[in-house]
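[1] Here is my input; please provide its structure:
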Amino acid sequence: MLRAFRGLSQQQLANKTGMRRSYIGGVERGERNITLLNIHRLAAALGVVALFLTDPLPLSTPGTGDGSP
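    Numbering: from 1, shown residues only. As a prediction, this is how the structure comes out:
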């Protein structure tokens, strides 16, 4: 999980975004529907573009494991 990789607690991420810690936890568990605005807030706080948080595509091509076509 990117938040943990960045060394942030849920509370620290909540403080950076102006969201509640319980909301962050709910999003991480898939219990909350997140708005586009909040995706952008999270992305900015985590230092990534919003697409990084929403892209469902795997990092490698199925079957090859190395990203090659």
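
[2] helices or strands next to the longest helix along the chain in the packing?
    In the chain, taking DSSP state H as the definition, the longest helix is helix 36-46. The contact analysis (3 or more CB pairs under 8 Å, 6 or more residues apart in numbering; DSSP states H and E) places helix 36-46 against helix 10-17, helix 50-54. C-beta here means a position set from N, CA and C on the backbone, and glycine is covered the same way.

[3] got any ranges where this protein has weak pLDDT?
    Flagging of the chain using pLDDT under 70 yields the residue ranges 57-69.

[4] in it, which residue is closest to the centre?
    Central residue check for the chain by CA atoms, centre = their mean: the C-alpha nearest the mean position is that of residue 53, 4.4 Å away.

[5] pretty sure that one is touching residue 41, no?
    No: taking CB atoms under 8 Å as the definition, residue 53 is not a contact partner of residue 41, at 10.5 Å.

[6] returning to what we had before: and the residue nearest to the centre of the chain, how close does it get to residue 32?
    Noted for residue 53: a distance of 14 Å to residue 32, by CB to CB, to the nearest Å.

[7] and what of residue 13?
    Counting by CB to CB, the separation of residue 13 from residue 32 is 14 Å.

[8] who has more neighbours, these two?
    For residue 13 versus residue 32, the count of surrounding residues by other CB atoms under 10 Å is larger for residue 13: 23 against 14.

[9] Give me the residues contacting the one helix or strand residue 27 maps to.
    With elements delineated by DSSP states H and E, residue 27 resides in helix 21-28, which encompasses its position. Outside helix 21-28, the residues that touch it by CB atoms under 8 Å, 6 or more residues apart in numbering are 1, 3, 10, 11, 13, 14, 17, 32, 34, 38, 42.

[10] now those as TSV including distance to residue 26?
    As requested, those are exported to TSV (distance: CB to CB, whole Å):
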residue	distance to residue 26
1	14
3	13
10	10
11	14
13	13
14	11
17	14
32	4
34	9
38	11
42	13
